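S.K.: heads up, no residue letters with this:
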């Protein structure tokens with residue numbers, strides 16, 4: 001498998017952040033929390049935005065193996081054996097995004113740099129990897145990144 005490194009994962013995260021920013025603006029607009037200067041999410045709309053954020057990652061990765069950002073960059077999430085992930089793996093890796101995302105994803109980046117399979121904490125616990133391109137054939141391995 002061709003494991004994805006920090007750079008391509010960061011680009012995917014930036015794209016996903018833009019998608020979520022648009023969703024957050026839509027939530028704020030629907031709840032009357034926009035101003036001429038922008039928007040703010042407080043109270044119930046804030047909690048709705050948090051749920052939307054987690055669902056975005058969990059649902060897209062469980063159903064298709066990739067968020068919109070990962071698709072654009074050509075990445076997908078797979079089990080360590082190369083197979084597709086399910087709900088269990090997606091929930092675990094994305095709940096641990098809270099830890100991996102600390103200090104602007106520095107925690108996750110350091111863990112990826114220190115891992116032969118380029119795994120952040122969520123990947124290690126969920127037994128998943130982020131890979132480039134097509135599904136790898138049996139015996140094909142790579143730790144490039």
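M.R.: Noted; the coordinates are in hand. All values derive from a computational prediction rather than experimental measurement.

S.K.: going forward, measure contacts and count neighbours with C-alpha atoms only.
M.R.: OK.

S.K.: ok, and what's touching the longest helix belonging to the chain?
M.R.: Looking across the chain with DSSP state H, the single longest helix is helix 6-30. With C-alpha atoms under 8 Å, 6 or more residues apart in numbering as the test, helix 6-30 has contacts from 34, 39-41, 45, 48-49, 53, 67-73, 75, 109, 112-113, 145.

S.K.: roughly how far is that helix from the heart of the chain?
M.R.: Here helix 6-30 is found 10 Å from its chain centre; the criterion is C-alpha atoms, centre = their mean, to the nearest Å.

S.K.: what comes up buried for it?
M.R.: For helix 6-30, the neighbour count (16 or more other C-alpha atoms under 10 Å) marks 6, 8-10, 12-13, 15-16, 20, 24-29 as buried.

S.K.: average pLDDT across whichever helix or strand comes after that helix?
M.R.: Sequence order places strand 34-35 as the next helix or strand after helix 6-30, per DSSP states H and E. For strand 34-35, mean pLDDT rounds to 90.

S.K.: what does stretch 40-55 give?
M.R.: The model assigns stretch 40-55 a mean pLDDT of 95.

S.K.: how about residues contacting it?
M.R.: By C-alpha under 8 Å, 6+ apart, the list of residues contacting stretch 40-55 reads 20, 23, 24, 27, 28, 31, 33, 34, 94, 95.

S.K.: again, only using 10 Å
M.R.: With contacts defined as C-alpha atoms under 10 Å, 6 or more residues apart in numbering, stretch 40-55 is touched by 16-17, 19-21, 23-34, 56, 58, 61, 91, 94-95, 97.

S.K.: kindly report the same for stretch 113-125.
M.R.: By C-alpha under 10 Å, 6+ apart, stretch 113-125 touches 1-6, 77-80, 89-101, 105, 107-112, 127-131, 141-145.

S.K.: who's in contact with residue 130?
M.R.: With C-alpha under 10 Å, 6+ apart, residue 130 has these contacts: 1-5, 9, 65-66, 70, 75-80, 82, 117-120, 123.
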